[in-house]
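K.L.:
everything below, folded, please.
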Amino acid sequence: MTELFVPGAGLLFMKVGVHAQETLEDIIRRKSEEIEKEGFAMWGYGGNTCHPRSMVQPFAQAFEERGQPIHLVMEEMDSKHFAEPLRAKQFSPDGTTWKDIPENINVLGSRYALVINSLDTIAETISLDQTRVPVGPSTGRLGSRYIKGRVDKACLEVLTKAELVNDEPGRTIDVQLAAKLHEPYAVFLRS
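P.N.:
Numbering: from 1, shown residues only. This next block holds a predicted model:
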């Protein structure tokens, strides 16, 4: 288990694949170039399970106060996200104050974005039974009980050991990508 998955670590988990008519390989290549040119990139997403203001920002700030970074860990999935690749032109950490997105950064077909300053290919496995949700209405819920069905992303904290559950088998995930979140961590987007 790498330093990403040590007890007490904060992880933002997300399933990733084709997005806005772009393959994951193309997205990775583009985001790596953006980080090289601008020092950061914006990883677009949708859905309210990782809402910027009510979930991601409080989660990341709590770990920052403890002197711990937040890592985005991603599991590749079969995706059919063929929405129009509309480029966001502005971002806002609070939904009120808007700034232009630098020309070298492209966020396509997304409502929100995570702000990252690294992106690495990895090959790791983590037990979702060894994670819990530390923020929001599902606080305390085991990661394996939270990430299921249509839930494909979550703020998680790594526990000291996997919790044994009798009602379902243990769940592990294979993580192929990792990125470090950078302040303001998550933002709203508009075109």
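K.L.:
going forward, measure contacts and count neighbours with C-alpha atoms only.
P.N.:
Will do.
K.L.:
return the set of buried residues in stretch 89-101.
P.N.:
Lys89, Gln90, Phe91, Ser92, Pro93, Trp98, Ile101 (16 or more other C-alpha atoms under 10 Å).
K.L.:
could you do stretch 174-191 as well?
P.N.:
175-182, 184-190.
K.L.:
among those residues, which lie within strands?
P.N.:
Under the assignment DSSP state E, the buried residues of stretch 174-191 contribute 175-182, 184-190 to strands.
K.L.:
about what we covered before: just flag the most distant two among the buried residues of stretch 89-101.
P.N.:
Within those, Lys89 and Pro93 form the most distant pair, 14.0 Å apart (C-alpha to C-alpha).
K.L.:
what comes into contact with the longest helix seen in the chain?
P.N.:
In the chain, taking DSSP state H as the definition, the longest helix is helix 24-38. Applying C-alpha atoms under 8 Å, 6 or more residues apart in numbering, the contact partners of helix 24-38 are Val16, Gly17, Val18, Phe40, Ala41, Met42, Trp43, Asn104, Ile105, Asn117, Ser118, Leu119.
K.L.:
buried ones in that helix?
P.N.:
Leu24, Ile27, Ile28, Arg30, Lys31, Ser32, Glu33, Glu34, Ile35.
K.L.:
re earlier: list buried residues within the contacts of helix 24-38.
P.N.:
For these, a neighbour count by 16+ other C-alpha under 10 Å gives the buried set as Val16, Gly17, Val18, Phe40, Ala41, Met42, Trp43, Ile105, Asn117, Ser118, Leu119.
K.L.:
need these in JSON lines (columns: distance to Leu159 and secondary structure).
P.N.:
Listed next are those as JSON lines, based on distance: C-alpha to C-alpha, whole Å; DSSP: H, G, I helix; E, B strand; the rest coil:
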{"residue": "Val16", "distance to Leu159": "24", "secondary structure": "strand"}
{"residue": "Gly17", "distance to Leu159": "27", "secondary structure": "coil"}
{"residue": "Val18", "distance to Leu159": "31", "secondary structure": "coil"}
{"residue": "Phe40", "distance to Leu159": "29", "secondary structure": "coil"}
{"residue": "Ala41", "distance to Leu159": "29", "secondary structure": "strand"}
{"residue": "Met42", "distance to Leu159": "28", "secondary structure": "strand"}
{"residue": "Trp43", "distance to Leu159": "26", "secondary structure": "strand"}
{"residue": "Ile105", "distance to Leu159": "35", "secondary structure": "coil"}
{"residue": "Asn117", "distance to Leu159": "25", "secondary structure": "coil"}
{"residue": "Ser118", "distance to Leu159": "24", "secondary structure": "coil"}
{"residue": "Leu119", "distance to Leu159": "24", "secondary structure": "coil"}
